[in-house]
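> sequence and computational prediction follow.
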Amino acid sequence: MRVERLGEHHEVGGFSCGVKVLDDWLRTHALDNQRRNLSRTFVLLDDANRVVGYYALTMGGVREEALPIHYGRGLPGYDIGMVLLARFAIADGHQRQGLGRDLLIEAIERAADAGTQVAARFIAVDSIDENARSFYAKFAFTQVEGDAGDRMYIRIDDALAALGGMT
Ligand SMILES: CC(C)(COP(=O)(O)OP(=O)(O)OC[C@H]1O[C@@H](n2cnc3c(N)ncnc32)[C@H](O)[C@@H]1OP(=O)(O)O)[C@@H](O)C(=O)NCCC(=O)NCCS
């Protein structure tokens, strides 16, 4: 298995993860968004070059008041840099084999790397449903208490510190 930045040569037409909106986005929007500098997509390839997973990253900002309370204290009153893990999926037939964990670690490391060039304190994820929420919660992403929204956060340095425990 290896991870590559999405290119025209990657065959994404048959990708299916069980969540249509994530399949459709990879098939129809990922490359175009990349061309327009709206997001960067990375694909997980098996030994036969089949796309068995992907994620997409973009940069963002978050105000103290939008963060889980334990992350928000003492921050300046302007947008704090974050990397948004905007899409994340493993293909049907490859789920529950540890690939999601491996790919999430890869995404966190890439986000941390981006943060060395353009300061980012957090990684945020938009969880698409309850399943996704419990997956991210397993890796210590947290939601604002009482928030009905889908966004969850982890501090990049906490995530990096925990990586040893994740691997
Ligand atoms: C959610 C998803 C990414 C998980 O990927 P995966 O390859 O199946 O996950 P892994 O096999 O690497 O599992 C890693 C750990 O998470 C746990 N896990 C996997 N899916 C889970 C879920 N839905 N809820 C809670 N825990 C979950 C596993 O049990 C494992 O924990 P363990 O090592 O303690 O046993 C995958 O099921 C998927 O792509 N689903 C459809 C799209 C989706 O929901 N994307 C999420 C972002 S919107």
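It's in.
> show the pLDDT at residue 165.
Model confidence at residue 165, expressed as pLDDT, equals 54.
> number of nearby residues for residue 12?
By other C-beta atoms under 10 Å, the residues close to residue 12 number 16. Quick note: C-beta positions are derived from backbone N, CA and C, even for glycine.
> try residue 5
10.
> how about the secondary structure of the residue nearest to residue 17 when sequence neighbours are not counted?
Closest residue in space to residue 17, ignoring its immediate chain neighbours: residue 89 at 3.9 Å, by C-beta to C-beta, 6 or more residues apart in numbering. Using DSSP: H, G, I helix; E, B strand; the rest coil, the structure places residue 89 in strand.
> wait, residue 89 sits on residue 19?
Yes - at 6.7 Å, residue 89 and residue 19 qualify as touching, with contact defined as C-beta atoms under 8 Å.
> the two: which has the busier surroundings?
Neighbour count, other C-beta under 10 Å: between residue 89 and residue 19, residue 89 has more, with 26 against 16.
> distance of the more buried one from the ligand?
In this view, residue 89 and the ligand are 4 Å apart by C-beta to the nearest ligand atom, to the nearest Å.
> good, we can wrap up now.
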